[in-house]
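# just the structure for this:
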Amino acid sequence: MTRRRPPARRRTRRPSRRQQQRDAQLVAFAVVAAAVVGLAVMVVNWLLAHWWVLVVFLVLGVLTGAGRLYHRQQQARWEAVRAQGLRYGLAQLDALHHARFEDAVRELMQRDGCPDAQRVGGRGDLGADVKATDPFGRRWVIQCKHRRNGAQGSAVGTPDLQVLNGTARQVHGADIAVIVTNGRVSGPAVTFAKQQRLHVVDRQTLATWAAGSRPLWELLQAIPPPRRPTP
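Residues are numbered from 1 along each chain as shown. Take a look at the predicted model:
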């Protein structure tokens, strides 16, 4: 008689390590989710039982928002008052760094009603240090030439104006091209400016503009007509 062999036992595959890790992550996620849901339910039930806490937080939020809004409004008012009363003396302007001098010119344009005035001076500025749009819609492009020694420094010459003349209108779209300096302007430069419809703000004109309340377009001659009526 032949003996029958016992049936072979099927080997059960053990889950891989990756599968074990995934299962452990799923279990951990389920535990955390259950804990979060349970905590949320507890918080909601507590708040429903203590509804006045919600009212307190709501009132505090409203007061905080109102306080921030009031602070911003007050700051805007103070900025407007400061801008309207902005004044510079020549001694102040002489003592400035050339970059800060450009900032001062920008601030004066903002004082005169050009809220979009911005300083763009720096490397590759192509002759424009400050740009602004006046209340009449005219586009201003200003080149600033600061002299550390003021009137004793070197004069602004024709080459400086040639740079402005070559880029102000063609590159920057200027209606009014201006060069501003706290120093002197040479005679040939003044003649060249008149020929090319450029405007020169020399030391004397700068002193009047910076120390007073009249906008620059009221101090210069041969200004182009407005593009739009004043607001």
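# in this structure, which spans are helices?
Counting by DSSP state H, the chain has helices at residues 17-49, 51-84, 90-94, 98-111, 158-167, 187-195, 203-211.
# most packed of these?
Comparing these by mean neighbour count (mean count of other C-beta atoms under 10 Å), helix 98-111 ranks first with a mean of 20. Just so you know, the C-beta spots here come from the backbone N, C-alpha and C atoms, and that holds for glycine as well.
# which residues does that one contact?
Applying C-beta atoms under 8 Å, 6 or more residues apart in numbering, the contact partners of helix 98-111 are 83-84, 86, 88, 93, 96, 117-119, 121, 129-130, 132, 140, 142, 144, 146, 180, 182, 209-210, 216.
# what angle separates it from helix 203-211?
Counting by axes from the mean of the first three to the mean of the last three C-alpha atoms, to 10 degrees, helix 98-111 points 60 degrees away from the direction of helix 203-211.
# mind saving the C-alpha coords of helix 98-111 as PDB?
What follows is helix 98-111, C-alpha atoms only, in PDB (Å, rounded to 0.1, in the frame of the first residue of the first chain):
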ATOM      1  CA  HIS A  98      22.200 112.800  -2.500                       C
ATOM      2  CA  ALA A  99      19.700 110.000  -2.100                       C
ATOM      3  CA  ARG A 100      18.000 111.700   0.700                       C
ATOM      4  CA  PHE A 101      17.900 114.900  -1.400                       C
ATOM      5  CA  GLU A 102      15.900 112.900  -4.000                       C
ATOM      6  CA  ASP A 103      13.500 111.800  -1.200                       C
ATOM      7  CA  ALA A 104      13.100 115.400  -0.200                       C
ATOM      8  CA  VAL A 105      12.100 116.400  -3.800                       C
ATOM      9  CA  ARG A 106       9.700 113.500  -3.900                       C
ATOM     10  CA  GLU A 107       8.100 114.700  -0.600                       C
ATOM     11  CA  LEU A 108       7.800 118.200  -1.900                       C
ATOM     12  CA  MET A 109       5.900 117.000  -5.000                       C
ATOM     13  CA  GLN A 110       3.600 115.000  -2.700                       C
ATOM     14  CA  ARG A 111       3.000 118.100  -0.600                       C
END
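# find the residue at the geometric middle of this structure.
Gln118 (8.7 Å; C-alpha atoms, centre = their mean).
# so that one sits against Ala128, correct?
No: contact criterion C-beta atoms under 8 Å: Gln118 and Ala128 do not qualify, at 10.1 Å.
# okay, now the domains of this structure?
What automatic domain parsing lists as the domains of the chain is 17-83, 90-218.
# Pro226: which of those domains is closest?
Relative to Pro226, the nearest member of those by C-beta to C-beta is domain 90-218, separated by 3.4 Å.
# so how far does the closest one reach from one end to the other?
One end of domain 90-218 to the other measures 20 Å (C-alpha to C-alpha, to the nearest Å).
# next one: it to chain centre, how far?
Here the centre of domain 90-218 is set off from its chain's centre by 21 Å, with C-alpha atoms, centre = their mean, to the nearest Å.
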